[in-house]
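**Student:** What follows is a predicted structure for the sequence shown.
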Amino acid sequence: MSSDTMSGGAMRTHVVHDPQLFREEVLPLLERECIGCHDAGDPDNRSKHRLFPPEVDGTWDDEVVQANYENLTELIHAAAPERSLLLLKLVPLAHGGIDHDGGKADGGDFDTSLIDPKGPLVQWTFGASKTQKPPVAVLTPWRQNVTRGTEITFDASLSFDPDGDDVAIEWEIVEAPLGAEARLSTKHGAKTSIAPDRDGPWLLRCRPKDAKLSGWPVLVRFAAVRPTERVEGESAPRATRIASADRRRTRALYFDLLGRSPTDEELARIAAKPYTKRVDQLLGSLEAWEHWFNEEAFFFLLIDRFRPVSDRLAAVPQKMRDGHATFFDAHRDFALSAEFNARNPGNDTYVTVVLEQFLGIEVQSEPRLLKEAKRMYDGEKTRIFKTLGTNQSDVVKISLAQSGYIDQFARRMEVRYLGAPLPDDEHERAVGRLSLDPSELKPLVREWLTSERYTSTDRAPRTKDDHQFIRGLFVDLLGRPPALQEFRNMRNALQALTDPAPLRGVLAKVMLDSGAVLPLRSAEDTEGQTTDTGTVTGTQVTELFQRFLGRDPTPDELSAFLTVLADPGSTWRTAALALLTSPHYQYY
């Protein structure tokens, strides 16, 4: 069964943590698993959270029990136990846990039973007592990928209550692709279904409840994929037949417009079209403008709990695709959103961010401008840039009317799509064009992507940023983009490091070992066979180069791989790891 145990939504009532159950069932766990590192009496203990050990004879003094109880309940979120630090520090990072120097309950540092929903630690965290236990959610396996528009059913009929009480199930959509409108067939009941109406990752929450307590919710992940349009009797094209130059240019378009690599079938179908048709198809897709929107949100640090979620902002990508909104509209809505205000609270922070990020002004060198803009933000009637205003909205409106706004934005778009700023004369033309008509962004980007500067075979490879690396890795290995939580966890981990390159290799290995990796077609074709180079064939190595690097291996590369992989025990996964951790995979 595929499920996650990460944090979820808040519960309606606060749970009470039973002292008797703590003493009889939780304390023995702490003694066995935790006190060794968190011993309050150890002078070398530098951990933040302290626990007191039992007496020499193994008995627990009442004061010690009380102190440990109070220390542990500080790590529990009484309104939403699934958010408790006590559990999240033990949950693996891939399932939504948080950092814990002592290790994870993943079968390595700690046994997985430590976070078993039926176990004493989880049960106590969710309010269990000696006479009342919370229910346990159990789901039957579900499909990880479903065609958009096809109904998928989820079944929690096997959920149970340790006390034999009736179990009620509540379902909710936690995350869905931008613009999604599909709803669950029911929010209450053992079974529910949904027909996803947007491509991409979906996340549902299944929460079990009895008459008194709620149990640990199960998070259900799946991905909706585009329907395959085929003429009857026509087989899907094979991506291996694509010329290297077409493969490379198409992958570059996907990375620059969608922020990810193409799936094998996407590549096969779109690469058969003339290059300009490929540009038009991708630039006209909703996903391209969702990606643009997400990257702009990241630029303004509207991420995690500040991620835009209002209906007004969620509609922006589709409006931009359809020509009903421009980048100017998007930026204005960003700056006036509740999320932007929460991210930049107070007149000083808000005004500073608007002036610096939209106009590129260093406010330290413009103290009078900063002062007047702050007064305007506070509701005073004053002028900035020689224009009168009286409120926060006027600060934004006046700032976006300055010539520096388009100049800053155009430079950012040049780097995003071309990898470097344009020469000054071309940049000035782009600025003039966007100033006259903000709806010219899409035609302008099309010109850039069809220019000799972009399509030249001499164009130097571009480094994948962290976002492109994560999304590309998911598509290359799993055949789908990451769910929001998956992406967020990996992005935050990479960006916390000065040099994320080593962690990129670790992430690639973890995903390759996950058991969910798409198999190679060539590996399936030769299952059970061996060659004079061992279990890895030249066809398999070539397919890996094409999938991960967008090109065929050179004769020397192919020979070197086959020589090394001739060792007993080598498989195509050995070759895959070598490519994923190589410098070549950091570029596109």
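**Tutor:** Right, received. Where do you want to start? Residues are numbered from 1 along each chain as shown.

**Student:** Just give me the residue closest to the centre of this protein.
**Tutor:** Residue closest to the mean C-alpha point of the chain, counted by CA atoms, centre = their mean, is residue 487 at 1.6 Å.

**Student:** So that residue is in contact with residue 470, correct?
**Tutor:** Yes - Residue 487 is in contact with residue 470 according to CB atoms under 8 Å; the separation is 5.8 Å. Backbone N, C-alpha and C define where each C-beta goes, glycine included.

**Student:** still on that earlier bit, now do the residue nearest to the centre of the chain against residue 467, distance only.
**Tutor:** Here residue 487 is placed at a distance of 8 Å from residue 467 (CB to CB, to the nearest Å).

**Student:** what touches both of those two?
**Tutor:** Common neighbours of residue 487 and residue 467, counting by CB atoms under 8 Å, 6 or more residues apart in numbering, are absent.

**Student:** quick one on the thing from earlier: measure the residue nearest to the centre of the chain to residue 256 for me?
**Tutor:** 18 Å.

**Student:** Can you tell me the SS state at residue 206?
**Tutor:** Following DSSP: H, G, I helix; E, B strand; the rest coil, the label given to residue 206 is strand.

**Student:** Ok, residue 47 next?
**Tutor:** At residue 47 the chain is in coil, as set by three-state DSSP.

**Student:** nearest spatial neighbour of it, skipping sequence neighbours?
**Tutor:** Nearest residue to residue 47, sequence neighbours excluded (CB to CB, 6 or more residues apart in numbering): residue 38, at 5.1 Å.

**Student:** Next, the contact list for the one you found, please.
**Tutor:** Each residue near residue 38 by CB under 8 Å, 6+ apart is listed here: 45, 47, 49, 50, 51.

**Student:** Which strand residues bridge the last one?
**Tutor:** Counting by DSSP bridges, residue 51 forms beta bridges with residue 39.

**Student:** That one touches residue 34, doesn't it?
**Tutor:** Yes - under the criterion of CB under 8 Å, residue 51 makes contact with residue 34 at 6.0 Å.

**Student:** Now do the same contact list for residue 262.
**Tutor:** Contacts of residue 262 by CB under 8 Å, 6+ apart are 250, 251, 254, 270, 475.

**Student:** Kindly recompute the last result at 7 Å.
**Tutor:** 250, 251, 254 (CB atoms under 7 Å, 6 or more residues apart in numbering).

**Student:** And for residue 73?
**Tutor:** residue 17.

**Student:** any idea how far residue 100 is from it?
**Tutor:** Residue 73 is 18 Å from residue 100, where distance means CB to CB.

**Student:** Ok, residue 133 next?
**Tutor:** Distance from residue 133 to residue 100, by CB to CB: 26 Å.

**Student:** quick one: which of these two has more around it?
**Tutor:** Per other CB atoms under 10 Å, whichever of residue 133 and residue 100 has more neighbours is residue 133, with 24 against 16.

**Student:** Just give the closest residue to that one, not the sequence neighbours.
**Tutor:** Once flanking residues are discounted, residue 133 sits nearest to residue 162: 3.9 Å by CB to CB, 6+ apart.

**Student:** per-residue pLDDT, the one you found?
**Tutor:** The model reports residue 162 with a pLDDT of 88.

**Student:** isn't there a helix covering it?
**Tutor:** No - per three-state DSSP, residue 162 lies outside any helix segment and is coil.

**Student:** Name the residues that touch stretch 19-35?
**Tutor:** 51, 53-54, 60, 65, 68-69, 110, 114, 120-121, 124, 128-130.

**Student:** Straight-line length of that stretch, end to end?
**Tutor:** In stretch 19-35, first residue to last residue: 19 Å (CA to CA, to the nearest Å).

**Student:** Measure how buried residue 28 is and give me the count.
**Tutor:** 13.

**Student:** Could I get the average pLDDT for the helix or strand harbouring it?
**Tutor:** Taking DSSP states H and E as the criterion, residue 28 maps to helix 27-33. Computed over helix 27-33, the mean pLDDT rounds to 89.

**Student:** got any ranges where the stretch 301-450 of the chain has weak pLDDT?
**Tutor:** Scanning the stretch 301-450 of the chain for pLDDT under 70 picks out the ranges 305.

**Student:** can you give me the helices for it?
**Tutor:** For the stretch 301-450 of the chain, the helices defined by DSSP state H, counting those that start in this stretch occupy 311-314, 316-321, 327-335, 338-343, 347-353, 359, 367-377, 392-400, 403-418, 424-436, 441-449.

**Student:** Determine the residues that are contacts of both of residue 487 and residue 470.
**Tutor:** In contact with both residue 487 and residue 470: no residue, using CB under 7 Å, 6+ apart.

**Student:** mind listing what's buried in stretch 84-100?
**Tutor:** By neighbour count on 16 or more other CB atoms under 10 Å, the buried set for stretch 84-100 is 84, 86-97, 100.
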